[in-house]
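>>> 3D model of this:
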Amino acid sequence: MIQAVNPPEVWSPFGAFSMAVIQGDGQIVHLKGQVSLDRHGQVVGANDMRAQTRQVLHNIRDVLAAMGGEMADILSLVHYATDIDAFMHAADIRKTFFAEPYPVTTTVQVERLYRPELMIEIAAIAEIPWDRFRRPASSSSTPHTPINAPAAP
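Residues are numbered from 1 along each chain as shown. As a prediction, the model looks like this:
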């Protein structure tokens, strides 16, 4: 079973996704791809890759912090950018959030994201050490049962 995590410090999911999911006992955390929305769901930095990259990384940091995680816990990132050149010019911003050893990354240019003014989406996988990990309170997380799972007795 996995547990979905939707902390109140970031915008509320509006579709069939969670901000993060905890696998097993909770050390490995899969974060939903973050876009440049503030906690009220408003776009930050419309059509501005640098401002959006900064907001996306703040969102990732806040989702991790809800579970005791830090940016250094990130193992892997997948970047979906509508303009690779603009994304590459935001490398200095990414370096303010990460230190060596850097997480593995994959960057893909896409035609567009779900809103035309959005330019970047970043998904992450992190491993939070047991001494810092905390399972979020039930008010900010919901259990997830696979569709084909047997009914509870």
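>>> Residue 52: which element?
helix 49-65 (DSSP states H and E).
>>> Would you mind measuring from residue 88 to residue 65?
Distance, residue 88 to residue 65, by CB to CB, to the nearest Å: 28 Å. (Each C-beta comes from the backbone N, C-alpha and C, glycine too.)
>>> State the distance from residue 34 to residue 86.
Distance from residue 34 to residue 86, by CB to CB: 17 Å.
>>> Which of the two has more residues huddled nearby?
Between residue 34 and residue 86, counting by other CB atoms under 10 Å, residue 34 is the more crowded of the two (24 against 17).
>>> if I pick the closest residue to the more buried one other than its chain neighbours, what's in contact with it?
Among residues not flanking residue 34 along the chain, residue 59 sits closest, at 4.2 Å (CB to CB, 6 or more residues apart in numbering). By CB atoms under 8 Å, 6 or more residues apart in numbering, residue 59 lies in contact with 10, 11, 34, 35, 36, 37.
>>> likewise residue 133?
26, 27, 67, 68, 69 are the contacts of residue 133 under CB under 8 Å, 6+ apart.
>>> tell me which of those is nearest to residue 98?
residue 69 (13.4 Å; CB to CB).
>>> Can you give me the separation between the closest residue to the closest one other than its chain neighbours and residue 75?
Leaving aside its sequence neighbours, residue 69 sits nearest to residue 128 (CB to CB, 6+ apart; 4.2 Å). From residue 128 across to residue 75, the span is 11 Å (CB to CB).
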